[in-house]
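In: Give me a 3D structure for the following:
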Amino acid sequence: MAAAESPSTALRRRDLCSRGIRLAGKMRADVVDLLDAYVEQQGLDASASVAAVEGVPLAAVERWDEQTGTQRLLENLAAYRAFRALLAQMLEEQREQLGEADVGLGRALAAVLLQVSAFAYHLEELLRLESRGIPGEEEEEDGPPPPPRLSLFEQKLRGLGVLRELAQWAVRSVRDLRQLTKPSPATGAAPGLAESP
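Out: Take a look at the predicted model:
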């Protein structure tokens, strides 16, 4: 069992989790709106089935309830770093395809990209609070390996898959952050990241 944390650390964690929950909720709402606009603008069927997209982390996890708080935060951080790269790639492709023809969609993509970056930073703050090392972004500095050249239709489907999974991650992030704020049954205090169920 981890040593008891100071009341100020517990308060700071609760505050960061509460703000993170609000950020993730807003991000999900914006992603859902973006998803609707994306489907319409790209001429896709909203019910189209999209196979798993390479590089897109899946929000579904086995044995979610057995993960520690640190595992939850590290998986969230890795996912949002991946989404940051994927959304940047989508934004670039959008600009190449349409130029300035659809500024609204480009702005919405850029806004969600900014929210994803801010949320990743927020997760880093939570990890710092626990004096955990933050995984480096060495792999991100060089960028992800260039994806295979996709046809325009394949790019549209990949974008649809990215946005759908990002919406699912926003839901999972809210659940993860709520789990971190739950009081520990033995102490009545919020569990430390390493000891949460």
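
In: Contact partners for residue 23?
Out: 115, 118-119, 122 (CB atoms under 8 Å, 6 or more residues apart in numbering). In this view, the C-beta of every residue, glycine as well, is placed from N, C-alpha and C.

In: how much space between it and residue 30?
Out: Between residue 23 and residue 30 the computed distance is 11 Å (CB to CB, to the nearest Å).

In: Now for these two: what residues contact both?
Out: Common neighbours of residue 23 and residue 30 (CB under 8 Å, 6+ apart) are residue 115.

In: Flag the helix or strand of the chain with the lowest per-element mean pLDDT.
Out: Ranking every helix and strand in the chain by mean pLDDT, DSSP states H and E puts helix 138-141 at the bottom, with a mean of 45.

In: That helix: what's the following helix or strand?
Out: Next helix or strand after helix 138-141 toward the C-terminus (DSSP states H and E): helix 152-181.

In: what's the strand or helix carrying residue 115 packed up against?
Out: Secondary-structure assignment from DSSP H and E places residue 115 in helix 103-129. Judged by 3 or more CB pairs under 8 Å, 6 or more residues apart in numbering; DSSP states H and E, the packing partners of helix 103-129 are helix 7-42, helix 69-98, helix 152-181.

In: Between helix 69-98 and the longest one, find me the angle.
Out: Taking axes from the mean of the first three to the mean of the last three CA atoms, to 10 degrees, one finds helix 7-42 and helix 69-98 inclined to each other by 30 degrees.

In: going forward, begin numbering at 130 instead of 1
Out: Sure, I'll start numbering at 130, so the last one becomes helix 136-171.

In: List the buried residues for helix 136-171?
Out: 139, 142, 145-146, 149-150, 152-153, 156-157, 159-160, 163-164, 166-168, 170-171 (16 or more other CB atoms under 10 Å).

In: repeat for the last one
Out: Applying a neighbour-count criterion of 16+ other CB under 10 Å, the buried positions in helix 281-310 are 284-299, 301-303, 305-306, 308-310.

In: quick revisit: so how far is the helix holding residue 244 off the chain centroid?
Out: 8 Å (CA atoms, centre = their mean, to the nearest Å).

In: And stretch 215-226, by the same measure?
Out: Between the centre of stretch 215-226 and the centre of its chain there are 18 Å (CA atoms, centre = their mean).

In: who touches that stretch?
Out: Under the criterion CB under 8 Å, 6+ apart, residues 184-185, 231, 234-235, 238-239, 241-242, 245, 276, 281, 284, 287-288, 291, 295 lie in contact with stretch 215-226.

In: Name the nearest residue to the residue nearest the centre of the chain, sequence neighbours excluded.
Out: Among the residues of the chain, the one closest to the centroid is residue 209, at 3.7 Å (CA atoms, centre = their mean). Closest residue to residue 209 in three dimensions, ignoring its sequence neighbours and counting by CB to CB, 6 or more residues apart in numbering: residue 249, at 4.1 Å.

In: Please list all residues in contact with that neighbour.
Out: Under the criterion of CB under 8 Å, 6+ apart, the contact list for residue 249 reads 206, 209-210, 213.
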